[in-house]
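J.: What shape does this take:
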Amino acid sequence: MLGEFAVGKTSLTRRYVLNSFSPDYQATLGVSLYKATANLQRGEEVALVLWDVEGGEYRASALDRYVPGASGAFLVSDVTRPKSVEALSFFAERFQSLSPGCPMVFAANKVDLAHQEETVNLARDIAKTFDASLMETSAADGTAVPEAFSSLANEIYLRAEG
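T.: Below is the predicted model of the structure:
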């Protein structure tokens, strides 16, 4: 889970793993680990270990510590904050340099607050640049959360087999 501070990385993870949401913001320090399962398109269930890495471009040292060896990345932005969308390129480039060839799924999060077509389109364009998909998500109401995590799990397993 990569992205700027307060884009909803922890909230998306908690919505997926625990099916819960809290509007209270609490910054992640370092990394938080979660275990979950995902259903693959071919009907199998797989185990996931999700690393929720603290946000912010200036925390590149955290990325350097926690990203190598990752099988995939979930890159999150907040549709109400264009700067968080613009930062997706930084996180994607950093991830690719640390875990080359691994899949990424981008999330334009907080679509329940205000659907910002411009920021969603910018996020979609950035995702296309990295040959990745974009999911429009909301941790608050659960919009596309299971689908987004399943999408990443499927990408990881498809690339592992290919």
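
J.: so which strand or helix has S71?
T.: Remark: S71 resides in no helix or strand, with elements defined by DSSP states H and E.

J.: who's in contact with it?
T.: S71 makes contact with 99, 102, 156, 160, according to C-beta atoms under 8 Å, 6 or more residues apart in numbering. Quick note: C-beta positions are derived from backbone N, CA and C, even for glycine.

J.: what about 6 Å?
T.: Contacts for S71 (C-beta atoms under 6 Å, 6 or more residues apart in numbering) come out as 102, 156.

J.: do the one 5 residues further on as well
T.: Contacts of V76 were listed using C-beta under 6 Å, 6+ apart, and they are 3, 7-9, 107, 109.

J.: Scan those and report the most crowded one.
T.: The most crowded member of the contacts of V76, judged by other C-beta atoms under 10 Å, is A107 (34 neighbours).

J.: among the contacts of V76, which are in strands?
T.: Using DSSP state E, the subset of the contacts of V76 located in strands is 3, 107, 109.

J.: Might you report the residue contacts of the first one?
T.: Applying C-beta under 6 Å, 6+ apart to G3 gives the contacts 9, 55, 75-77.

J.: Pull up the per-residue confidence for it.
T.: The confidence metric pLDDT takes the value 94 at G3.

J.: Am I right that A144 is in contact with T137?
T.: Yes: look at A144 against T137 with C-beta atoms under 6 Å: they come within range, at 4.8 Å.

J.: who's more crowded, those two?
T.: Taking other C-beta under 10 Å, A144 and T137 do not tie; T137 has more neighbours (30 against 18).

J.: Correct me if wrong: that one contacts F106.
T.: No: counting by C-beta under 6 Å, no contact exists between T137 and F106, whose distance comes to 9.8 Å.

J.: Thanks again, I'm all set now.
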